[in-house]
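Asks: Curious how this folds, go ahead:
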Amino acid sequence: MAVTHKSAISVGLLYIPVGLYKSTRNIRISFNQLCKDSHQRIKYKKYCPSCNKEVKNDDIVKGYEFEKGKYVTITEEELEKIKTKKDKTIHIEHFAKMNDIDPIYYEKNYYVVPDSGAEKAFEILRQAMMAKKEVAIAKTVIGTNEQLLVLYPTKETIIAKTLFYQEEIQELPKSQVKVKLDKSELEMAKTLITAMTKDFDISAYHDEYQLRLKEAIETKIKGQEIVNTDHAAPYQIIDLMEALQKTVEMSQQRKGTA
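Replies: Sure thing, here's the model as predicted:
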């Protein structure tokens, strides 16, 4: 697995060289855009209208539009010049309780892997955070963005979770209407949760739609027609209490069958 970002965790005088590695991979089916008539793949060209020619990657530079139609260019070397030593490390700002961070701020996850020779310092930090049930709030520059990170200790390693900044989070689309709850309905909802509670096992879950999509593609390859597989009856709108009661009964029946 290729390293995504080379850096080092720094806190005070402690310096731990590490690499960030992607924690997920894309296994979903993707489609190409084809010409409707020839079924050949559509290709896009990078084109300069002023020069009236196709432009290669080596001829493209970064530009910032400071006025309409006016740009200032900046090179990779110039971008490196404005990075401080702190920017080039995963600099821990402070520590916080694990449950202090609202999950809405989490963006991406990376495995944090220590470089050779840095394993002991890395393990000391991981075990200390686990014992305290705390995470590290850190910053680093990746590309042209300063990333806010949470270094989250697990049983095996440390996960770097990138965070959205507060100004990036959208407000609720509309204010929540406060409703008066009936006690019996709330108790029934609690019963429903109890009936459907079990240990979480991620291996029990798979992308079922992707499996049906693969089957549909195989069907088309064989020259056969895709048929509708959804034969479920439409939901009937019923009383809220009745809906809760029936859902509890269904859940209890499934548990009994299992």
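Asks: contact partners of stretch 4-24?
Replies: 1-3, 86, 88-92, 109-115, 117-118, 121-122, 125, 136, 138, 140, 142, 151, 159-160 (CB atoms under 8 Å, 6 or more residues apart in numbering). C-beta here means a position set from N, CA and C on the backbone, and glycine is covered the same way.
Asks: Kindly report the same for stretch 115-134.
Replies: Applying CB under 8 Å, 6+ apart, the contact partners of stretch 115-134 are 9, 11, 14-19, 95-98, 112, 114, 135-136, 151, 153, 155, 157-158.
Asks: Filter these down to the ones in strands?
Replies: The strands, defined by DSSP state E, take in 9, 11, 14-19, 95-97, 112, 114, 135-136, 151, 153, 158 from the contacts of stretch 115-134.
Asks: Can I have the buried ones of the residues you listed as a PyMOL selection?
Replies: Entered in PyMOL, the line below selects the buried ones among the ones in strands among the contacts of stretch 115-134, by 16 or more other CB atoms under 10 Å:
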select buried, resi 9+11+16+17+18+19+95+112+114+135+136+151+153+158
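Asks: which residues sit in contact with Phe95?
Replies: So Phe95 contacts 129, 132, 134-137 (CB under 8 Å, 6+ apart).
Asks: Those into TSV, with extra columns for distance to Ile42 and pLDDT?
Replies: Converted to TSV, the contacts of Phe95 look like this (distance: CB to CB, whole Å; pLDDT from 0 to 100):
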residue	distance to Ile42	pLDDT
Met129	49	96
Lys132	54	95
Glu134	51	96
Val135	45	96
Ala136	46	96
Ile137	45	96
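Asks: now for these, which pair is the farthest apart?
Replies: Lys132 and Ile137 (13.8 Å; CB to CB).
Asks: Settle it for me: which of those two has more neighbours?
Replies: Ile137 (17 against 12; other CB atoms under 10 Å).
Asks: for the most centrally placed residue in the chain, helix, strand, or coil?
Replies: For the chain, the residue nearest the mean C-alpha position is Lys108 (4.1 Å; CA atoms, centre = their mean). What DSSP: H, G, I helix; E, B strand; the rest coil gives for Lys108 is strand.
Asks: Name all residues that make contact with it.
Replies: 161-162.
Asks: how close does it get to Asn228?
Replies: Plainly put, Lys108 is 37 Å away from Asn228 if you go by CB to CB, to the nearest Å.
Asks: Any regions of this protein where pLDDT drops low?
Replies: Residues of the chain meeting the criterion pLDDT under 70: 231-238, 255-258.
Asks: 80 instead, please
Replies: 84, 174-177, 229-258 (pLDDT under 80).
Asks: quick one: the strands in it?
Replies: Using DSSP E, strands in the chain cover 5-11, 14-22, 47-48, 53-54, 62-67, 70-74, 90-97, 106-114, 134-142, 145-153, 158-163.
Asks: Show me which of these has the highest average neighbour count.
Replies: strand 158-163 (a mean of 21; mean count of other CB atoms under 10 Å).
Asks: Counting by contacts, list what it packs against.
Replies: Packing partners of strand 158-163 (3 or more CB pairs under 8 Å, 6 or more residues apart in numbering; DSSP states H and E): strand 106-114, helix 119-132, strand 145-153.
Asks: In contact with Ala138: list those residues for me.
Replies: 9, 90-93, 148-151, 160.
Asks: State the pair within those residues that is farthest apart.
Replies: Ile9 and Leu148 (14.8 Å).
Asks: you'd agree Thr219 is up against Leu213?
Replies: No. Checked against CB atoms under 8 Å, the pair Thr219 and Leu213 is beyond contact range at 10.5 Å.
Asks: Distance of Asp115 relative to Ile16?
Replies: For Asp115, the distance to Ile16 (CB to CB) stands at 8 Å.
Asks: Could you do Glu65 as well?
Replies: Glu65 is 40 Å from Ile16, by CB to CB.
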